[in-house]
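Q: okay, here's the prediction I keep looking at, along with the sequence it came from:
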Amino acid sequence: MARAIAAAMFRSQGGTEDDQKEPVMADRRLAAESAADAALSVIEAGDDLGNGLVAVDAANRERPPVRKEALSIGIGRSAAHSSWWENAARSIRSRLFDLLLAVWTGLFGLAVPILTLLRARDHTIRMVTRYWARGVLFGLKHVVGLDHVEHGREALPDEPSLIVCNHQSTWETIAFLLLVPDVAIIAKDELIRIPVFGWYLRRSPMIVIDREEGMRALKTMVDESRAALAQGRSVLVFPEGTRGSGKDELAFKRGVGMLYSRLNVSVVPVAVNSGRFWGCNQPFKRPGTIIVSYRPPIPPGLSAKEFIRAAEASVEPGREGPER
């Protein structure tokens with residue numbers, strides 16, 4: 001084949017078969033054959049390389065992605081293992097906080113007979129109660145890793161007002177003792193039955209109502225709220241009536257509309273997302289940052305229905321605030 005290519009190349013240069021007998025032509029023929037052999041080697045090498053690449057490509061297509069799947073499985077197992085340990089650590093910290101809370105509350109229980117014998121005034125008892133609440137929030141922050149931040153606090157007026165807040169956990173019942181000093185919380189009588197905590201709540205004093213009493217409970221709520229406002233204390237009410245998950249539809253009870261109409265003061269809506277971290281359906285308390293959002297005040301003068309719609313619309317965006 002090399003010789004044929006050489007002959008073809010020689011003829012392309014204008015040579016004939018008779019000329020090949022000449023020495024000069026012979027040298028040309030040998031040079032052409034060498035060039036042809038070199039060209040053939042390149043061609044054959046290219047064929048081998050192409051065949052090799054085709055074979056490699058075919059092998060790659062036939063090989064199953066075992067390594068990729070194995071890597072994914074390994075990452076998944078590692079993430080699951082890490083998540084298990086993380087939840088276990090959170091559960092342990094939450095249980096430890098519960099234990100410390102019981103001990104902390106028990107210490108204040110020892111002060112009950114002393115305060116009773118000394119006939120401590122309401123102001124003194126409220127001060128002791130705030131000290132207890134401060135210790136609870138300190139434990140949440142440093143044991144559980146649960147802190148809080150306030151947004152829009154400037155919305156709180158200087159004069160006493162009615163504060164309406166969505167209710168997702170026990171956290172806001174405790175925290176508002178510090179967030180709004182001397183606040184009068186409208187609480188259901190079940191809280192008063194809690195040992196030690198109930199004693200301090202009743203003597204703070206708070207506005208305690210029995211919801212089973214119907215209209216009589218509403219009258220008590222209005223009368224005692226007026227008395228608290230006259231003393232220069234703001235009034236806090238959880239208008240949902242009970243703790244919500246934060247995912248259910250927000251619905252305020254009609255009683256808060258009547259309270260708004262009778263008190264004739266500005267209302268500050270407040271939204272909290274505490275249920276993300278200390279919810280009634282949570283297996284344990286989670287670390288994070290609870291956001292307390294104070295919304296622009298609602299002035300008096302609206303109808304009860306208009307007020308409820310305005311308050312719900314104001315609170316709704318903040319009750320599922322971003323988790324931090």
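A: Looks like it came in fine.
Q: for the nearest residue to Pro205 once chain neighbours are set aside, give me its contacts.
A: Of all residues not flanking Pro205 in the chain, Asp122 sits nearest, at 5.8 Å (Cβ to Cβ, 6 or more residues apart in numbering). Heads up, the C-betas are built off the backbone N, CA and C, glycines and all. Listed by Cβ atoms under 8 Å, 6 or more residues apart in numbering, the contact partners of Asp122 are Arg203, Ser204, Pro205.
Q: how about Tyr131?
A: Counting by Cβ under 8 Å, 6+ apart, Tyr131 makes contact with nothing.
Q: helix, strand, or coil at it?
A: helix (DSSP: H, G, I helix; E, B strand; the rest coil).
Q: what separates it from Ser274, distance-wise?
A: The spacing between Tyr131 and Ser274, counted by Cβ to Cβ, to the nearest Å, is 21 Å.
Q: now swap in Leu178 and tell me
A: For Leu178, the distance to Ser274 - Cβ to Cβ - is 14 Å.
Q: those two: which has the busier surroundings?
A: With neighbours defined as other Cβ atoms under 10 Å, Leu178 and Ser274 compare such that Ser274 has more, 26 against 16.
Q: surely the more buried one touches Ser169?
A: Yes: counting by Cβ atoms under 8 Å, Ser169 is a contact partner of Ser274 at 4.3 Å.
Q: torsion angles phi and psi at Arg286?
A: Arg286 adopts backbone torsions of phi -110, psi 150, taken as degrees, to the nearest 10.
Q: what count of nearby residues applies to it?
A: Arg286: 19 neighbours (other Cβ under 10 Å).
Q: with Ser314 instead?
A: So Ser314, with other Cβ under 10 Å, has 20 neighbours.
Q: and the helix or strand hosting it, what's buried?
A: Element membership for Ser314 (DSSP states H and E) is helix 304-315. By 16 or more other Cβ atoms under 10 Å, the buried positions in helix 304-315 come out as Ala304, Phe307, Ile308, Ala310, Ala311, Glu312, Ser314, Val315.
Q: by contact count, what packs against it?
A: If you count contacts as 3 or more Cβ pairs under 8 Å, 6 or more residues apart in numbering; DSSP states H and E, helix 304-315 packs onto strand 162-165, helix 254-263, strand 267-272.
Q: just want the angle from it to helix 254-263.
A: Going by axes from the mean of the first three to the mean of the last three Cα atoms, to 10 degrees, helix 304-315 is angled at 110 degrees with respect to helix 254-263.
Q: so how far is helix 304-315 from its chain's centroid?
A: Offset of helix 304-315 from its chain centre (Cα atoms, centre = their mean, to the nearest Å): 26 Å.
Q: now do stretch 235-251
A: Offset of stretch 235-251 from its chain centre (Cα atoms, centre = their mean): 19 Å.
Q: name the residues of that stretch that come out as buried.
A: Neighbour counts over stretch 235-251 (16+ other Cβ under 10 Å) mark Val235, Leu236, Val237, Phe238, Pro239, Glu240, Arg243, Gly244, Gly246, Leu250 as buried.
Q: of the residues you listed, which is the nearest to Arg319?
A: Nearest to Arg319 among the buried residues of stretch 235-251: Gly246, at 5.3 Å, using Cβ to Cβ.
Q: low-confidence ranges in the stretch 51-200 of the chain?
A: For the stretch 51-200 of the chain, applying pLDDT under 70 flags the ranges 51-82.
Q: what ranges does it have for its strands?
A: In the stretch 51-200 of the chain, the strands defined using DSSP state E, counting those that start in this stretch lie at 146-151, 162-165, 184-188.
Q: looking at these, which is buried most?
A: strand 162-165 (a mean of 25; mean count of other Cβ atoms under 10 Å).
Q: partner strands of that one and their direction?
A: The pairing partners recorded for strand 162-165 under DSSP bridges are strand 235-237 (parallel), strand 267-272 (parallel).
Q: quick one: that strand to chain centroid distance?
A: 24 Å.
Q: what of stretch 308-321?
A: With Cα atoms, centre = their mean, you get 18 Å for stretch 308-321.
Q: same check, this time on stretch 274-284
A: 12 Å.
Q: try stretch 256-275
A: Its chain's average C-alpha position is 26 Å from that of stretch 256-275, according to Cα atoms, centre = their mean.
Q: list the buried ones in that stretch?
A: Buried residues in stretch 256-275 (16+ other Cβ under 10 Å): 256-260, 262-263, 265-275.
Q: what is the end-to-end distance of it?
A: End-to-end distance for stretch 256-275: 22 Å, by Cα to Cα, to the nearest Å.
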